[in-house]
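> Here you go, sequence then predicted model.
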Amino acid sequence: MNSPPATRPAAVRDVTVWDPLLRLTHWSFALLVPAMWYTAENSQWGLHRRLGLVLLGLLAFRVLWGFLGPQTARFASFVKGPRTVIAYLRGQWTQASHHIGHSPLGGWSTLALIAAMLAQVTMGLFAGDPYDGMTGPLNPLVGVMTADTITRLHETFFWVLVGLVALHLSAITFYAVKGDDLLSPMIGGDRPPIAGVSGIGPMPWVRAILAIALAAGFAAWVAWGAPPFT
C-alpha cells in the first residue's frame with residue numbers, strides 16, 4: 001500500500017516593512033540634501049531654489065504621510081516616550097522580538113532629521129538678498145535685515161543637518177556590524193519573516209493620492225510667494 005505523498009510546508013513570506021512612497025521619499029532626501037549643498041557652493045541659485053521647493057513638497061508629503069500612511073510610516077507608531085527609549089537602550093524593550101519599522105531610538109532620530117530639514121528649507125524660503133542674486137520665494141515677506149540674519153542661519157544650520165545625517169549613517173553601520181540589516185528593507189521594502197507579524201498590509205492609495213496632491217499644492221503655493229486665498 002502506497003503512503004500518501006508528503007505535503008510541502010507553506011512558504012514563509014517576507015514581511016513588508018516600508019511602503020513604496022516612503023522609500024521613494026527617503027531616497028529622494030538622500031539625493032536632494034547633497035544636491036542642495038552642491039548648487040549653493042557653485043552659485044547655481046536658480047537650480048538651488050527649484051530643488052528647495054521639491055524638497056519642501058517631499059517634506060510636506062512626509063509629514064502628511066506620518067498621519068495618513070501605513071503603520072510604519074505613522075509618527076504614532078515610532079515616536080515613543082522617554083521611558084520606552086530608556087528601556088530600549090537598556091535592552092529591556094519587550095516588543096523588540098516582533099517589532100517592524102523604526103526602533104524607539106531610531107524613531108526620534110528620524111523625527112530629528114525631518115525637523116532639521118524642515119527648519120533648513122523654511123529658512124531658505126526667506127533667505128537671500130534682493131539686490132545681490134537669487135532669493136527665496138518668501139523673501140519679500142521679511143525685511144532686508146531679517147533676511148540677512150535668516151541667510152546666515154541657513155548657511156550655518158546646514159552643518160547641524162550634516163551632523164544628524166552622519167549620526168544616522170553611523171547608526172545604520174553600527175546595526176549592520178551587529179547583523180541587523182536596516183538598509184535592504186529600505187531599498188526593497190521587505191525584511192525576513194518574523195513569527196506572528198504580517199507586515200504593514202495593503203497600500204492605502206486613496207490616502208496616498210490625497211497626501212501627494214496636498215503636498216504638491218502647498219509647494220506650488222509657496223513657490224508663488226504664498227499669496228492670500230482671498
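Yes, it's here.
> The spatially most central residue of the chain and residue 222, how far apart?
Central residue of the chain (Cα atoms, centre = their mean): residue 26, 5.0 Å from the mean position. According to Cβ to Cβ, to the nearest Å, residue 26 and residue 222 sit 22 Å apart. Where C-beta positions appear, they are placed from N, C-alpha and C, glycine not excepted.
> Same question for residue 119.
Taking Cβ to Cβ, one finds residue 119 at 15 Å from residue 222.
> neighbour-wise, which of the two wins?
Taking neighbours as other Cβ atoms under 10 Å, residue 119 and residue 222 compare with residue 222 leading, 20 against 15.
> For the residue nearest to the centre of the chain, which residues are in contact?
Residue 26 sits next to 18, 186 when contact means Cβ atoms under 8 Å, 6 or more residues apart in numbering.
> Off-centre distance for the helix or strand hosting it?
Assessed by DSSP states H and E, residue 26 sits inside helix 20-41. In terms of Cα atoms, centre = their mean, to the nearest Å, the gap separating the centre of helix 20-41 from the centre of its chain is 10 Å.
> what packs against the helix ranked longest in the chain?
Using DSSP state H, we find that the single longest helix of the chain is helix 144-177. Helix 144-177 sits against helix 20-41, helix 104-126, with contacts defined as 3 or more Cβ pairs under 8 Å, 6 or more residues apart in numbering; DSSP states H and E.
> Give me whichever of those helices is most buried.
helix 104-126 (a mean of 19; mean count of other Cβ atoms under 10 Å).
> Surely residue 66 and residue 73 touch.
Yes. Between residue 66 and residue 73 there is a contact under Cβ atoms under 8 Å: 6.4 Å.
> So which of those two has more stuff around it?
Counted by other Cβ under 10 Å, residue 66 and residue 73 do not tie: residue 73 has more neighbours, with 23 against 20.
> per-residue pLDDT, the more buried one?
Note for residue 73: predicted pLDDT of 97.
> so it makes contact with residue 67?
No. Counting by Cβ under 8 Å, residue 73 stays clear of residue 67, with 9.1 Å between them.
> Neighbours of residue 191, how many?
Neighbour tally, residue 191, other Cβ under 10 Å: 21.
> Then residue 156?
Neighbour tally, residue 156, other Cβ under 10 Å: 10.
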